[in-house]
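fold the stuff below for me.
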Amino acid sequence: MKHIGIDARLLFQTGVGTYLQNLLHNIPNYAPKDITFTFYCLPSDASFIQKAVPNSHIHTTTALWHSWSEQTEFLDCIYKDNVDLMHFTYFGHPVLYNRKSISTVHDVTPLLFKTGKASTKNSLVYFIKHSAFSLVLKNQVKRSVAIITPTKTVKEQLIQLYGNAIEKKITSIYEGVSYRLLEGKSEESTIKKPYLLYVGNFYPHKNVQFLIKAFVKSNSPYVLVLAGPHDFFLKRILDLLTEEEKKHIIVKDKQSINELVTLYKNAEALIHPSISEGFGLPIVEAMHFNIPIIASHIPVFQELLGTSHYSFDPFEESSIIDTIHTFEQEQEKKKNSLRKEFSFDEMTRQTMELYLRHV
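As a prediction, the model looks like this:
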């Protein structure tokens with residue numbers, strides 16, 4: 001009987017949380033009977049895992065990601081359980097862990113775009129944490145027997161950062177549309193004006209503040225709907241807007257799955273201005289709901305979308321404005337159908353193959 005450990009501490013964090021929820025949801029469909037799983041999670045998340053993977057072991061911990069306790073308490077947890085293979089599902093792990101492990105590296109944005117604006121800490125604390133993060137990720141890439149990336153773009157970025165020697169151990173596996181979104185039901189829309197929709201976080205690399213400024217200057221007949229967490233980063237954006245600019249946006253906070261389905265189904269298009277991504281869950285979600293996509297011209301979106309979308313330079317205000325105008329004026333809107341490989345079920349199947357190859 002082989003024993004696999006999976007780090008599920010970020011189960012309900014956006015992005016990575018969706019990845020984890022869908023991995024756990026689909027594991028029972030592909031797990032051989034001679035494999036046992038231990039999931040490491042926060043105490044509040046244990047009941048979700050118990051329901052998703054009923055015959056698994058659950059080890060709760062209060063050791064958070066990117067913390068000292070991750071390097072001590074979490075390390076002690078894994079060693080005591082003596083797993084045959086450990087899957088670190090995020091860029092962060094105990095650096096002294098030297099047994100067999102697989103890592104998922106979702107993106108390398110923190111390395112490509114180093115700016116103190118991505119932190120709530122002061123500049124000195126940010127510098128120290130960023131340096132520590134760089135060392136931890138380098139160690140994680142070196143020690144992992146296999147690395148999963150969500151796109152070929154992230155694979156190439158890792159190779160550029162750490163050299164050709166790691167190429168053979170990297171497998172790119174696309175993600176997909178969450179089972180929760182697939183099960184959601186559309187409701188009556190509360191937004192009566194036609195709108196462009198942004199879905200996601202408001203970290204600086206998402207470029208939302210720049211988008212808002214360009215959108216207002218475009219004099220679009222639409223409004224811009226922002227759906228994401230009402231956190232420090234969104235508050236910082238809103239505080240910098242004028243009252244006139246705020247009239248052009250609608251903020252949707254803590255939307256339910258049904259509300260998110262409704263937002264997608266009634267949107268004129270998804271608009272995504274990010275300057276760096278590892279995958280782009282809203283992109284494939286928009287494909288699923290068959291709505292047009294207006295997105296920044298970055299490698300990962302080119303990989304996912306090809307040419308069947310409206311593309312702009314995320315650093316040029318005029319490019320965003322012109323692209324919005326082009327979209328408005330076209331009678332037949334470009335759309336991009338969801339490809340079969342964008343599937344969390346398929347992602348889980350391929351991940352299980354990696355487990356069995358290395359356990």
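
element containing Tyr355?
Per DSSP states H and E, Tyr355 falls inside helix 344-358.

other SSEs contacting that helix?
helix 16-30, strand 85-88, strand 101-104, strand 146-149 (3 or more C-beta pairs under 8 Å, 6 or more residues apart in numbering; DSSP states H and E). Where C-beta positions appear, they are placed from N, C-alpha and C, glycine not excepted.

let's see it at 10 Å
Packing partners of helix 344-358 (3 or more C-beta pairs under 10 Å, 6 or more residues apart in numbering; DSSP states H and E): strand 2-7, helix 16-30, strand 35-41, strand 85-88, strand 101-104, strand 146-149, strand 170-172, helix 179-183.

distance between the first one and the chain's centre?
Using C-alpha atoms, centre = their mean, to the nearest Å, the distance from the centre of strand 2-7 to the centre of the chain it belongs to is 23 Å.

does anything pack onto that strand? Which helices or strands?
Right, strand 2-7 is packed against helix 16-30, strand 35-41, strand 57-60, helix 75-81, strand 85-88, strand 101-104, helix 344-358 by 3+ C-beta pairs under 10 Å, 6+ apart.

sorry, back to before: show me what counts as buried in the helix holding Tyr355.
Buried positions in helix 344-358, judged by neighbour count with 16 or more other C-beta atoms under 10 Å: Phe344, Glu346, Met347, Thr348, Gln350, Thr351, Met352, Leu354, Tyr355, Leu356, His358.

for the fifth one, which non-adjacent residue is closest in space?
Distances taken as C-beta to C-beta, 6 or more residues apart in numbering put Ile173 closest to Gln350, at 4.9 Å, once the chain neighbours are dropped.

give me the number of residues near Ala132?
Neighbour count for Ala132, taken as other C-beta atoms under 10 Å: 15.

next one: it from Asn290, what distance?
43 Å (C-beta to C-beta, to the nearest Å).

and if you look at Thr351?
If you measure Thr351 against Asn290 using C-beta to C-beta, the figure is 28 Å.

same check on Ala8?
In terms of C-beta to C-beta, Ala8 sits 32 Å off from Asn290.

the two: which is more packed in?
Counting neighbours by other C-beta under 10 Å for Ala8 and for Asn290 shows that Ala8 has the greater number, 31 against 12.

enumerate every residue touching that one.
The neighbours of Ala8, taking C-beta atoms under 10 Å, 6 or more residues apart in numbering as the test, are 16-17, 20-21, 23-24, 37-42, 45-46, 48-49, 52-53, 56, 58-59, 87, 89-90.

got it, and Gly280?
Residues in contact with Gly280 (C-beta under 10 Å, 6+ apart) are 15, 107, 150-151, 175, 200, 270, 272, 274, 286, 293, 295-296, 298, 300-301, 303-305.

ok, now with 8 Å
When contacts are counted by C-beta atoms under 8 Å, 6 or more residues apart in numbering, Gly280 is found next to His272, Ser274, Ala295, Val300, Phe301, Leu304.

go on, Pro229?
Applying C-beta under 8 Å, 6+ apart, the residues near Pro229 are Thr14, Asn201, Phe202, Asp253, Lys254.

quick one: which of the residues you listed has the most company?
Using other C-beta under 10 Å as the neighbour test, those are led by Phe202, with 22 neighbours.

wait, doesn't Ile191 sit right on Val223?
Yes. When contacts are counted by C-beta atoms under 8 Å, Ile191 is listed as touching Val223 (7.5 Å).

need the overlap of contacts for those two.
With contacts defined as C-beta under 8 Å, 6+ apart, the residues shared by Ile191 and Val223 are Ile250.

distance check, Pro221 against Tyr30.
From Pro221 over to Tyr30 (counting by C-beta to C-beta), the distance is 48 Å.

out of these two, which sits in the busier spot?
Using other C-beta under 10 Å, the more surrounded residue of Pro221 and Tyr30 is Tyr30, with 16 against 9.

from what I can see the more buried one touches Gln350, true?
No. The pair Tyr30 and Gln350 fails to qualify as a contact (C-beta under 8 Å) at a distance of 9.4 Å.

which pLDDT value goes with the spatially most central residue of the chain?
Most central in the chain under C-alpha atoms, centre = their mean is Gly15, positioned 3.1 Å from the mean C-alpha point. Turning to Gly15, the model gives it a pLDDT of 83.

residue contacts, Phe312?
Neighbours of Phe312 in contact, by C-beta under 8 Å, 6+ apart: Pro273, Ile294, Ala295, Ser296, His297, Ser319, Ile320, Asp322, Thr323.

out of these, which one sits closest to Ser337?
The shortest separation between Ser337 and any of those is 15.7 Å, and it belongs to Ala295 (by C-beta to C-beta).

assumed the closest one was part of a strand.
Yes. Counting by DSSP: H, G, I helix; E, B strand; the rest coil, Ala295 is found in a strand.

in the sheet, who's paired with it?
Taking DSSP bridges, one finds His272, Ser311 as the beta-bridge partners of Ala295.

settle this for me: it is touching Ile283, isn't it.
Yes. At 6.7 Å, Ala295 counts as touching Ile283 under the criterion of C-beta under 8 Å.

measure stretch 227-247 end to end?
Criterion C-alpha to C-alpha, to the nearest Å; first-to-last residue distance in stretch 227-247 is 16 Å.

again, but for stretch 301-313
End-to-end span of stretch 301-313 (C-alpha to C-alpha): 12 Å.

the contacts of Phe312, buried ones only, as a ChimeraX selection?
The command below creates a ChimeraX selection of those among these that count as buried (16+ other C-beta under 10 Å):
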select :273,294,295,296,319,320,322,323
